[in-house]
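# Give me a 3D structure for the following:
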Amino acid sequence: MTDALSHRFEAAQAIVKKAAEMAMAMRPAPGGPQGSLKHAQDWLTETDGKVEAFISQEIKNLFPEDGFQGEEEGQTRTGALRWVVDPIDGTSNYARGRNRWCVSLGLMEGNTPILGIIAAPPVQEFYTARLGQGAFMNGQRIHASPVTDPKIAMVELGWSHVSKREEFLKHANAILETGAMIRTLGSGTMSLVDVASGRLDGHFEMAINLWDVAAALVLLQEAGAKVSPFLEDGGLHQPTPLLTTAPGLADLLSKTVNIPLRTA
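Below you'll find the model as predicted:
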């Protein structure tokens, strides 16, 4: 399986790079959003479907025995190994010609994420991780933040159409009370890789989907971040809360938003 995984890892990186080039070529010019609404503030563009279809077909051509699940089409194939793609994470940004979006592809063995590949082409960043072998950005090792003082911390609080406004405001106030600075920037996956790379000291979202996190979970683990038991709590099948944090703020943020973290 080691050789088979290595082959998949290399092939998937090439596929994601091509998909990212496709997305860049199709990106709308800066301005008002171009696309359609699936839900309130939940955008869909032509690019989402085309990128997902491209990745799905490339994976099928190379690894027909593998399963495949995408944000737009759902689970279209089954297998012991399952690829999970978010063709454009941060579509609301993408639809306005903004830079904070990415293409995310993860590989799961059963219920365990084992490979993660994320391309953020507007900022020329390419993230990779393989379980047990570290997390990297553009080939350089990345690590979670060393911050331990909440008064110098930056924490992203994600929002989606399924989030309740009252709960969002409650969590925002609780995080602010710790002294941390809050950000809400419109791409859950990019926020997670920011935690993995130390650019953020934490990220909390009340409801996030598997395709948003399948690739990033490997990066977070390999970068030494602390993560809540998202998959065990229902994330395999439905939108589920997710907290991830720098180790030095783990206890504080866990208590602040009342979300336990994995102990191993």
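# packing partners for the helix or strand hosting Phe126?
For Phe126, the element it lies in under DSSP states H and E is strand 125-130. On a contact count with 3 or more Cβ pairs under 8 Å, 6 or more residues apart in numbering; DSSP states H and E, strand 125-130 meets helix 2-26, strand 112-120, strand 135-137, helix 188-197, helix 210-223. (Glycine included, C-beta is placed from N, CA and C.)
# The second one versus strand 125-130: what angle between them?
To tie it back to what came earlier, the one meant is strand 112-120. Strand 112-120 runs at 170 degrees relative to strand 125-130, counting by axes from the mean of the first three to the mean of the last three Cα atoms, to 10 degrees.
# For the strand holding Phe126, enumerate its sheet partners and note whether each is parallel or antiparallel.
Strand 125-130 has the following sheet partners, assigned by DSSP bridges: strand 112-120 (antiparallel), strand 135-137 (antiparallel).
# Which positions in it come out as buried?
By neighbour count on 16 or more other Cβ atoms under 10 Å, the buried set for strand 125-130 is 126-130.
# just to revisit the earlier point, as JSON lines, the helices and strands packed on strand 125-130 with mean neighbour count would be great.
Formatted as JSON lines, the helices and strands packed on strand 125-130 follow (neighbours: other Cβ atoms under 10 Å):
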{"stretch": "helix 2-26", "mean neighbour count": "16"}
{"stretch": "strand 112-120", "mean neighbour count": "24"}
{"stretch": "strand 135-137", "mean neighbour count": "21"}
{"stretch": "helix 188-197", "mean neighbour count": "28"}
{"stretch": "helix 210-223", "mean neighbour count": "27"}
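# Just put these in JSON lines and tack on mean pLDDT and distance to Ile55.
JSON lines is the format used below for the helices and strands packed on strand 125-130 (pLDDT from 0 to 100; distance: least, Cβ to Cβ, whole Å):
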{"stretch": "helix 2-26", "mean pLDDT": "95", "distance to Ile55": "5"}
{"stretch": "strand 112-120", "mean pLDDT": "98", "distance to Ile55": "10"}
{"stretch": "strand 135-137", "mean pLDDT": "98", "distance to Ile55": "21"}
{"stretch": "helix 188-197", "mean pLDDT": "98", "distance to Ile55": "15"}
{"stretch": "helix 210-223", "mean pLDDT": "97", "distance to Ile55": "12"}
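# Do me a favour and get the end-to-end distance for stretch 104-120?
9 Å (Cα to Cα, to the nearest Å).
# Ok, which of the helices and strands packed on strand 125-130 comes nearest Gly248?
helix 188-197 (12.5 Å; Cβ to Cβ).
# mind exporting the closest one as PDB, just the C-alpha atoms?
Provided in PDB are the C-alpha atoms of helix 188-197 (Å, rounded to 0.1, in the frame of the first residue of the first chain):
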ATOM      1  CA  GLY A 188     -13.100  27.300   5.900                       C
ATOM      2  CA  THR A 189     -10.300  25.300   4.200                       C
ATOM      3  CA  MET A 190      -8.000  28.300   3.900                       C
ATOM      4  CA  SER A 191      -8.600  29.100   7.600                       C
ATOM      5  CA  LEU A 192      -7.600  25.500   8.500                       C
ATOM      6  CA  VAL A 193      -4.400  25.700   6.500                       C
ATOM      7  CA  ASP A 194      -3.700  29.000   8.200                       C
ATOM      8  CA  VAL A 195      -3.900  27.300  11.600                       C
ATOM      9  CA  ALA A 196      -1.600  24.500  10.200                       C
ATOM     10  CA  SER A 197       0.900  27.100   9.100                       C
END
